[in-house]
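Peer 1: any chance you can model this:
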Amino acid sequence: MAVVKGQSSQWGWFNSFLLVVMVGMIFYCSWLNNKIVTRGYRLNDLRQEEKLLIEEQDKLQAELATLKRPQNLARLARLLGLEEPRPGHKMVLP
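Peer 2: Predicted coordinates for the structure are as follows:
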């Protein structure tokens, strides 16, 4: 059985090309997997940060509601030296 020189050379180049493509695909898949894992960690961090921010927002809304209570406003007005308006000092806006 005789081997033709041109045919073995073609298969050599083809096999080399396939090897390079496969190695490239392995590197690409590894890089892609690394990106997925990294973004998963980032997503987890952002979810924890969101949870903390929601808790802080709830606390601030509760504090704001407390500060807006009429009893607190009256107390703060007295501390600032404000008085009830005298008759004739009130203006009704449309």
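Peer 1: please make it C-alpha for all contacts and neighbour counts, starting now.
Peer 2: Noted.
Peer 1: and the helices in the chain?
Peer 2: Under the criterion DSSP state H, the chain contains helices at 5-67, 70-79.
Peer 1: burial count for Arg39?
Peer 2: 12 (other CA atoms under 10 Å).
Peer 1: oh sorry, the question was meant for Ala74
Peer 2: 15.
Peer 1: please apply the same query to Thr66.
Peer 2: Neighbour tally, Thr66, other CA under 10 Å: 13.
Peer 1: spit out the contact partners of it.
Peer 2: Contacts for Thr66 (CA atoms under 8 Å, 6 or more residues apart in numbering) come out as Asn72.
Peer 1: make CSV from the helices of the chain and add distance to His89 to it.
Peer 2: Shown next, in CSV, are the helices of the chain (distance: least, CA to CA, whole Å):
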stretch, distance to His89
helix 5-67, 26
helix 70-79, 17
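Peer 1: looking at these, which has the lowest confidence?
Peer 2: Between the helices of the chain, the one with the least mean pLDDT is helix 70-79; it has a mean of 88.
Peer 1: which residues touch that helix?
Peer 2: So helix 70-79 is contacted by Thr66, Leu67, Glu83 (CA under 8 Å, 6+ apart).
Peer 1: can you put those in a markdown table and add distance to Tyr28?
Peer 2: Putting the contacts of helix 70-79 into a markdown table (distance: CA to CA, whole Å) gives the following:
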| residue | distance to Tyr28 |
| --- | --- |
| Thr66 | 57 |
| Leu67 | 57 |
| Glu83 | 74 |
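Peer 1: what is the burial count for Leu67?
Peer 2: 13.
Peer 1: how far away is it from Val37?
Peer 2: 45 Å (CA to CA, to the nearest Å).
Peer 1: again, but for Lys90
Peer 2: Computed as CA to CA, the Lys90 to Val37 distance reads 65 Å.
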